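Need coordinates for the following:
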Amino acid sequence: MMNYDILKICTGKVEKVMLGDKFKKTAVNKYPITEATYLSKLGFAGDEHEYKGHGGVNKAVCLYDKLDYSLWTDYIQDMPDYAMFGENITTVGLTKDQIAIGDIFRLGDTLIQVTEGRGPCNTIAQKHQVPQLVKLMSASHATGCYFRVLEEGVVQPDSQLELIHRHPVQFTLDDFNTLIYTDQRNQILIQKALKVDALSEEHRLKFEKRLKNND
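Reported below is the predicted structural model:
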């Protein structure tokens, strides 16, 4: 199967950060791990979350791809090399059309599975001082994605990401974000989504309701 380069694997603690003209408690700033780190069902050891909706078994790990950083060069000055959007893993080559819900990867001793797209939040817009960033990311579908942890274990700072199972439906991150942001009642994509056993219960119920309402 395919291997994907990881630029950095990062974690972050909740801290008070100056965003705009006020301090906010957030773990949006992530820093590279420098030693073997345990990855459990709830995420990397030492990686914290401040707000409801962040973290949990279906959002244990966040990934964003370096190739999509280029979308934001006109908006963000001093572009960082990694963890630009607070992601745990910054890869090269896993853009929205190359990764699908249900795909399974080996990361160090662990197995992780793509669950859903990452919902852009105001914190990253405030951090980069781009008020329209949430809308821009949503419209582009280049949001990054989340994983659940199927097998816990240790991850090294230089671990790479190995694709070991490509989900047969290939409901891509681009497809997912189309249903979330730009074409919510697309019947073909909804039917495709409901064939994905790895889809979270939250989104399955949401898509089933849309399908029923369109009958």
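
Please count neighbours and contacts with C-alpha atoms only from this point.
Will do.

My guess is Thr34 contacts Val155. True?
No: counting by C-alpha atoms under 8 Å, Thr34 sits too far from Val155 to count as a contact (10.6 Å).

Just give the nearest non-adjacent residue to the residue nearest to the spatial centre of the chain, would you?
Relative to the mean C-alpha position of the chain, the nearest C-alpha, by C-alpha atoms, centre = their mean, is the one of Cys145, at 2.3 Å. Nearest in space to Cys145, with sequence neighbours left out and distances taken as C-alpha to C-alpha, 6 or more residues apart in numbering, is Gly117 at 4.1 Å.

Likewise for Leu163?
Once flanking residues are discounted, Leu163 sits nearest to Phe105: 4.4 Å by C-alpha to C-alpha, 6+ apart.

next SSE after the strand or helix carrying that neighbour?
Using DSSP states H and E, the secondary-structure element containing Phe105 is strand 104-107. Next along the chain after strand 104-107, taking DSSP H and E as the criterion, comes strand 110-117.

for the record, mean pLDDT for the helix or strand that that next one is followed by?
Towards the C-terminus, the helix or strand next in line after strand 110-117, according to DSSP H and E, is helix 122-128. Confidence over helix 122-128, taken as the mean pLDDT, stands at 92.

List of residues touching the next helix or strand after helix 122-128?
Helices and strands here follow DSSP H and E; after helix 122-128, the next one along the chain is helix 133-140. Contacts of helix 133-140 from elsewhere in the structure, counted by C-alpha atoms under 8 Å, 6 or more residues apart in numbering, are Gly119, Pro120, Cys121, Asn122, Ile124, Ala125, Thr143, Asn177, Tyr181, Thr182.
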